[in-house]
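A.B. asks: Got a predicted structure plus its sequence, pasted below:
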Amino acid sequence: MNDNNQQVTEDFGAFTAPPPEVMAAAVKAKEKAKEAAAKKSAIPKDAKKAIDETMAQAKADKEASEKSKLLQQISDYQKHIKEYFPDRLEFVKVPKNVGPKNTVEELRVYVKDLENELGKKGALEVVKGLWIKGFQAVEKLNEGERFGLNLTGIGTIAANSVASRQIPQTGEIMPGPAVPTLAEFSIKYAAWFSTSVEARLAMMVFEMITGVHQMNTQVVPAAAKAATKPASKASASAINDL
């Protein structure tokens, strides 16, 4: 029964199908219609060329703008290092002939190298700051010889040990005696102390605030104490004479 049904279906399909030449003509007409639609929607060669040129020019302008920005940044960083950290110039990896011929990626690498070099210099300043603050904290905690040691003035000595000094005979500027060792320490642990300019600026602000606070809390009580101290007989006599 099923075989009969299948045969009937096939016979019906063959009976209702259009002749082969009609089907071929329909397929050909469909292909022509598709080609016509493609041609109609296609961009003219002249217009496509103009669009490609415009996009290429926009890309070139963007790249030129980025290069100009990076080259200016490189120049500014080099001037900054030359003016403030001349001892680091020999470690700068940027070639002298750097310019527009370099790729954007190459220029970005040079900028990053300069920022890292400045970060290393900043790392030493961070370590020096911690050195001074650490000894000042120890001196503060040991007031009244709490730990059995007289450490008065150790904070000042720590600051002097990292301060540059000038040799009278030659006029040469020498770093403080603790600086070489602290510099070596900052190099070994650069990942800890190499900081961005934003972080260094924040630390400068913090140190200024804490420094002023420390100065005021030390000076004001001393002045208040002096104000409440009874005047000597000589001073009282001089005031009475006036």
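C.D. replies: Everything's here; your move. Numbers count the residues shown, from 1 in each chain.

A.B. asks: all helices of this protein, in order?
C.D. replies: Using DSSP state H, the helices assigned to the chain run over residues 2-16, 20-41, 45-84, 104-141, 154-161, 179-188, 190-193, 197-228, 233-241.

A.B. asks: need the ones you listed in CSV with mean neighbour count, distance to F147 and mean pLDDT, can you?
C.D. replies: C-beta coordinates here come from the backbone N, C-alpha and C atoms, glycine included. CSV is the format used below for the helices of the chain (neighbours: other C-beta atoms under 10 Å; distance: least, C-beta to C-beta, whole Å; pLDDT from 0 to 100):
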stretch, mean neighbour count, distance to F147, mean pLDDT
helix 2-16, 9, 105, 55
helix 20-41, 10, 88, 74
helix 45-84, 12, 40, 86
helix 104-141, 17, 8, 86
helix 154-161, 16, 12, 92
helix 179-188, 15, 24, 85
helix 190-193, 13, 28, 65
helix 197-228, 11, 21, 69
helix 233-241, 9, 39, 51
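
A.B. asks: Mind putting the ones you listed into JSON lines with distance to K93?
C.D. replies: Putting the helices of the chain into JSON lines (distance: least, C-beta to C-beta, whole Å) gives the following:
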{"stretch": "helix 2-16", "distance to K93": "79"}
{"stretch": "helix 20-41", "distance to K93": "53"}
{"stretch": "helix 45-84", "distance to K93": "11"}
{"stretch": "helix 104-141", "distance to K93": "5"}
{"stretch": "helix 154-161", "distance to K93": "32"}
{"stretch": "helix 179-188", "distance to K93": "17"}
{"stretch": "helix 190-193", "distance to K93": "16"}
{"stretch": "helix 197-228", "distance to K93": "19"}
{"stretch": "helix 233-241", "distance to K93": "68"}
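
A.B. asks: Ok, which of those comes nearest E172?
C.D. replies: Using C-beta to C-beta as the measure, helix 179-188 is the one of those that comes nearest E172, at 14.5 Å.

A.B. asks: List the contacts of stretch 144-157.
C.D. replies: I132, F135, Q136, V138, E139, K140, L141, N142 (C-beta atoms under 8 Å, 6 or more residues apart in numbering).

A.B. asks: Go again with 10 Å.
C.D. replies: The contact list for stretch 144-157 (C-beta atoms under 10 Å, 6 or more residues apart in numbering) reads 132-143, 160, 178, 214.

A.B. asks: got a list of what G176 touches?
C.D. replies: Going by C-beta under 10 Å, 6+ apart, the list of residues near G176 reads K128, W131, A158, A159, N160, S161, V162, A163, S164, R165, L182.

A.B. asks: try it again with 8 Å
C.D. replies: G176 sits next to N160, S161, V162, A163, S164, R165 when contact means C-beta under 8 Å, 6+ apart.

A.B. asks: gap between the second one and A183?
C.D. replies: If I follow you right, that is S161. The gap separating S161 from A183 is 13 Å, by C-beta to C-beta, to the nearest Å.

A.B. asks: for the fifth one, same thing?
C.D. replies: From S164 across to A183, the span is 13 Å (C-beta to C-beta).
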